[in-house]
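*Asks:* Let me see the structure of the following:
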Amino acid sequence: MNPTALDWSIDGCTIGRAMEVLGEKWTVVVLREVFNGVRRFDDMRVRTGIPRQVLTNRLAALVEHGMLRRVPYREPGARERHEYRLTAKGLDVYPVLITLLEWGNRYFADPGGPPLKFTHRDCEAEVHAEIHCSAGHRLDDVREVVPRPGPGASRR
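*Replies:* Numbers count the residues shown, from 1 in each chain. Down below sits the predicted model:
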């Protein structure tokens with residue numbers, strides 16, 4: 001018998017927990033910038049137009065959640081400041097951003113095409129997200145994926 005979604009509790013859902021961290025627009029924009037190599041506060045603010053206090057809050061939250069780490073630097077004659085570097089936890093979000101970019105490029109790009117693409121450093125071929133099962137099968141149709149209760153699931 002296959003369990004139905006309504007039979008299982010969604011308490012502790014890790015998608016919900018992840019979205020508590022990532023679910024606000026500016027958080028994803030900040031991550032995009034750091035992945036693009038923009039690591040300093042003023043550069044991020046000028047490039048994105050994020051209000052100063054919002055950027056301060058988003059960077060602090062990403063540091064608090066262990067996705068970014070602060071690294072001090074000092075320009076000659078200036079006070080010490082920090083730039084933001086991805087941690088292993090932050091780097092693990094990259095496939096999510098690649099998938100989000102592909103979806104956005106497919107449905108929301110301007111007629112001239114998308115302004116950003118991801119390429120393989122070695123060969124310059126465009127990078128795409130794919131779904132594979134743990135046995136190595138590539139799933140070309142998302143309808144091949146079936147949600148099932150995980151080890152932490154509990155009945156409603």
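*Asks:* C-alpha from now on. contacts and neighbour counts both.
*Replies:* Will do.
*Asks:* What ranges does this structure have for its helices?
*Replies:* For the chain, applying DSSP state H gives helices covering 14-22, 25-35, 41-48, 52-64, 88-91, 94-108.
*Asks:* Just tell me which of those ends up closest to residue 146.
*Replies:* Among the helices of the chain, helix 14-22 comes nearest to residue 146, with 15.7 Å by CA to CA.
*Asks:* that older thread, pick the most buried one from the helices of the chain.
*Replies:* Neighbour counts (mean count of other CA atoms under 10 Å) averaged over each of these peak at helix 25-35, with a mean of 18.
*Asks:* now for that helix, which elements pack on it?
*Replies:* helix 41-48, helix 52-64, strand 80-86 (3 or more CA pairs under 8 Å, 6 or more residues apart in numbering; DSSP states H and E).
*Asks:* Show me how far the second one is from its chain's centre.
*Replies:* Shown here is helix 52-64, whose average C-alpha point lies 15 Å from the average C-alpha point of the whole chain (CA atoms, centre = their mean, to the nearest Å).
*Asks:* How about stretch 9-24?
*Replies:* Centroid displacement of stretch 9-24 relative to its chain, using CA atoms, centre = their mean, is 13 Å.
*Asks:* Give me the contact list for that stretch.
*Replies:* 27-28, 61-62, 65, 153-156 (CA atoms under 8 Å, 6 or more residues apart in numbering).
*Asks:* Distance to residue 86 and pLDDT for those residues - can I get that in CSV?
*Replies:* Formatted as CSV, the contacts of stretch 9-24 follow (distance: CA to CA, whole Å; pLDDT from 0 to 100):
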residue, distance to residue 86, pLDDT
27, 13, 95
28, 13, 94
61, 13, 96
62, 9, 97
65, 11, 97
153, 31, 85
154, 34, 86
155, 37, 86
156, 38, 83
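*Asks:* Which one of the helices of the chain lies nearest to residue 147?
*Replies:* Across those, closest to residue 147 is helix 14-22 (CA to CA), at 12.7 Å.
*Asks:* worst average pLDDT in the helices of the chain?
*Replies:* Between the helices of the chain, the lowest average pLDDT goes to helix 14-22, which shows a mean of 89.
*Asks:* Thank you kindly, that will do.
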